[in-house]
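1. What follows is a predicted protein model with its sequence.
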Amino acid sequence: MSEIVKVENLSFRYKRGTTPALTDINLSVRAGEFVGITGAAGAGKTTLLSCINGVVPHYYSGDLQGQVTVNGLDIATSTFRDLASHVGTVFEDPDFQMVSISVEEEVAFGPENLGIPPDEIEVRIQDALQKTRISDLRERTISTLSGGQKQRVAISAVLSMLPRVLLLDEPTSELDPIGTHEVFSALRELNRQVGITVVMVSQKMERLVENADRILVLSEGRLILGGPPREVCLQHDLLEQVGARVPQVAEFMISLLSRLNRSRQRDLMPLTVEGAVPMLREILDKGGVA
Ligand SMILES: Nc1ncnc2c1ncn2[C@@H]1O[C@H](COP(=O)(O)OP(=O)(O)O)[C@@H](O)[C@H]1O
Ligand SMILES: [Mg+2]
């Protein structure tokens with residue numbers, strides 16, 4: 001798989017910032033990968049996404065070092081307009097990012113601004129709505145939708161620009177568990193079936209562990225940990241230390257295995273409820289915890 005996002009020696013301090021928001025970040029994302037980014041509030045997650053979609057340096061200025069490329073395009077020297085068809089961003093608050101009254105208008109908005117002909121826009125609307133499984137919402141007024149539906153509209157509105165990379169900044173933090181599930185499953189399908197590259201910031205470690213190929217952990221502007229979900233979760237002491245979340249199931253299983261003096265089995269440690277069931281059954285069959 002080829003590299004689609006490349007971040008090299010990136011450091012950034014906002015104009016009004018007293019300390020750097022990011023320090024010496026190196027990161028490469030392969031086309032088709034699903035990368036999760038987590039970390040405490042203020043760790044630099046939003047700033048990192050801003051450096052990938054061009055908000056930094058085109059909207060926020062400051063002291064920027066290093067280089068970021070998306071699909072071969074240098075972010076600092078490309079215009080926002082050029083970048084729009086390569087990288088799209090979905091934000092935390094669905095109400096904040098919507099500019100239209102109806103779903104159809106919202107999904108058409110981006111391509112209309114790019115001057116795409118109407119026939120082609122129609123194809124893009126149908127395609128984007130179908131990919132997030134909300135074709136039936138096309139005629140609806142956005143204000144009547146649930147949070148999960150609104151976020152899927154926001155994702156469709158970005159997809160209609162045909163980006164190769166989808167960035168999401170805590171897109172489910174305002175959503176209830178059903179909405180969260182809707183958004184994560186739509187993203188997973190887009191990633192696995194359509195092959196779109198996903199870079200998603202989230203504090204919902206359980207969901208990231210289930211869906212991401214790789215999880216990166218930011219702390220105080222530095223990338224301190226990164227790897228497959230299991231490897232990252234096994235560093236639970238470090239995660240706790242930097243205020244990142246550990247999946248509850250993993251936390252529970254780690255303390256259970258340690259009480260049973262089976263800590264050496266941590267490599268087999270389940271990260272999801274489904275994965276924990278067989279191990280718990282075996283423990284109960286053997287008489288449980290004394
Ligand atoms: N516009 C800004 N001007 C100055 N400092 C900022 C600005 N936005 C964010 N910061 C600072 O940059 C650091 C990283 O913030 P942010 O990227 O928003 O973190 P996160 O998304 O992980 O919560 C924080 O210390 C924050 O206070
Ligand atoms: Mg943020």
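-> Done, it's in. Ligands and ions are numbered 1, 2, ... in the order given.

2. which residue sits closest to residue 59, ignoring its sequence neighbours?
-> The spatially closest residue to residue 59, leaving aside those adjacent along the chain, is residue 50, at 7.8 Å (CB to CB, 6 or more residues apart in numbering). Backbone N, C-alpha and C define where each C-beta goes, glycine included.

3. Format the CA atom coordinates belonging to the helix or strand encompassing that neighbour as CSV.
-> Under the criterion of DSSP states H and E, residue 50 resides in helix 45-53. C-alpha atoms of helix 45-53 as CSV (Å, rounded to 0.1, in the frame of the first residue of the first chain):
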residue,chain,number,x,y,z
LYS,A,45,-5.0,16.1,18.4
THR,A,46,-7.0,18.8,16.7
THR,A,47,-3.9,20.7,15.8
LEU,A,48,-2.4,17.6,14.2
LEU,A,49,-5.6,17.2,12.0
SER,A,50,-5.4,21.0,11.3
CYS,A,51,-1.9,20.5,9.9
ILE,A,52,-3.1,17.7,7.7
ASN,A,53,-6.2,19.5,6.2
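
4. Residues contacting that helix, please?
-> 5, 7, 10, 12, 14, 21-22, 25, 37-39, 55-56, 59-60, 64, 68, 70, 75, 83, 87-89, 165, 167, 169-170, 199, 201, 218, 221 (CB atoms under 8 Å, 6 or more residues apart in numbering).

5. again, but for stretch 249-260
-> 206, 209, 233, 236, 263, 265-266, 269-273, 275-276, 279, 283, 289.

6. out of the contacts of helix 45-53, which touch ligand 1?
-> The subset of these within reach of ligand 1, by CB under 6 Å from any ligand atom, is 14, 21, 39, 60.

7. And those, which is closest to ligand 2?
-> The nearest member of the ones next to ligand 1 among the contacts of helix 45-53 to ligand 2, counting by CB to the ion, is residue 39 at 9.2 Å.

8. By neighbour count, which of the ones next to ligand 1 among the contacts of helix 45-53 wins?
-> Most neighbours among these, by other CB atoms under 10 Å: residue 39, with 26 neighbours.

9. Let me know the helix or strand that the residue in the stretch 51-200 of the chain that ligand 1 sits nearest to is in.
-> Ranking the residues of the stretch 51-200 of the chain by distance to ligand 1 (CB to the nearest ligand atom) places residue 60 first, at 5.7 Å. If you go by DSSP H and E, residue 60 is not part of any helix or strand.

10. OK, contacts around it?
-> By CB under 8 Å, 6+ apart, the contact list for residue 60 reads 14-15, 50.

11. Just give me the closest of these to residue 145.
-> When those are ranked by distance to residue 145 (CB to CB), residue 50 comes first, at 27.1 Å.

12. Please tell me how far that closest one sits from ligand 1.
-> Going from residue 50 to ligand 1 by CB to the nearest ligand atom, to the nearest Å gives 7 Å.

13. so what's that residue scoring on pLDDT?
-> For residue 50, the pLDDT comes out at 97.

14. Same question for residue 279.
-> 85.

15. Without its sequence neighbours, what residue ends up closest to it?
-> Residue 279 sits nearest to residue 270 (CB to CB, 6+ apart), 5.8 Å away.

16. these two touch, right, residue 15 and residue 59?
-> No: judged on CB atoms under 8 Å, residue 15 makes no contact with residue 59 at a distance of 11.5 Å.
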